[in-house]
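[1] With the sequence up front, the predicted model follows.
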Amino acid sequence: MSKIFYDHLIILEEVEIELDNLQLDKDERRELEHLIEETIHHRVLGKILTKLPKPHHEEFLKKFASAPHDPSLIHYLNHKIKESVEKHIAKEIESLKKELLTELKGQKK
């Protein structure tokens, strides 16, 4: 997947360990990793749009669509939200990580 401005906030080592424990073939592993990446993306953008005032949604989405990797998007969001978007993203990722770990550990049984 391409680089996205919030990638530095995503640390999923525990999830990767659980994926290794499932002993999936390459195609299954890639498919599962793709689903996880998509879920992260949807959850993070959902959290951002929940916190970002509606009048700024269109502007943010245009900026994001034209340069999803641009680190200045964090600064833009922090300015428009008036609080740390990094904390909101990190909290959402932590919540998702717990959900993923629960699900993956359940698959081993």
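    Okay, I see it. Residues are numbered from 1 along each chain as shown.
[2] so how far is the one helix or strand residue 39 maps to off the chain centroid?
    Taking DSSP states H and E as the criterion, residue 39 maps to helix 26-51. Taking C-alpha atoms, centre = their mean, to the nearest Å, the mean C-alpha location of helix 26-51 is offset from the chain mean by 6 Å.
[3] Equivalent analysis for stretch 44-52, please.
    Relative to the centre of its chain, stretch 44-52 is centred 11 Å away, using C-alpha atoms, centre = their mean.
[4] List the buried residues for that stretch?
    By 16 or more other C-beta atoms under 10 Å, the buried positions in stretch 44-52 come out as 44-45, 47-48, 52. Placement of C-beta: from N, CA and C, glycine included.
[5] need those residues in TSV with pLDDT, can you?
    Formatted as TSV, the buried residues of stretch 44-52 follow (pLDDT from 0 to 100):
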residue	pLDDT
44	97
45	97
47	97
48	97
52	97
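[6] which one among the residues you listed gets closest to residue 59?
    Closest to residue 59 out of those is residue 52 (9.5 Å), distances taken as C-beta to C-beta.
[7] Might you report the residue contacts of the most centrally placed residue in the chain?
    The centre of the chain sits closest to residue 40, judged by C-alpha atoms, centre = their mean, with a distance of 3.2 Å. Contact partners of residue 40, counting by C-beta atoms under 8 Å, 6 or more residues apart in numbering, are 10, 93, 96.
[8] ok, how many other residues are close to the first one?
    One way to gauge burial is a neighbour count; for residue 10, by other C-beta atoms under 10 Å, it gives 16.
[9] The closest residue to it other than its chain neighbours: which element?
    Nearest residue to residue 10, sequence neighbours excluded (C-beta to C-beta, 6 or more residues apart in numbering): residue 93, at 5.6 Å. Following DSSP H and E, one finds residue 93 within helix 85-107.
[10] how distant is that helix from the center of its chain?
    Worked out by C-alpha atoms, centre = their mean, helix 85-107 lies 9 Å from the chain centre.
[11] Is the residue nearest to residue 10 in contact with residue 9, as I believe?
    Yes. Using C-beta atoms under 8 Å, residue 93 is in contact with residue 9, at 6.2 Å.
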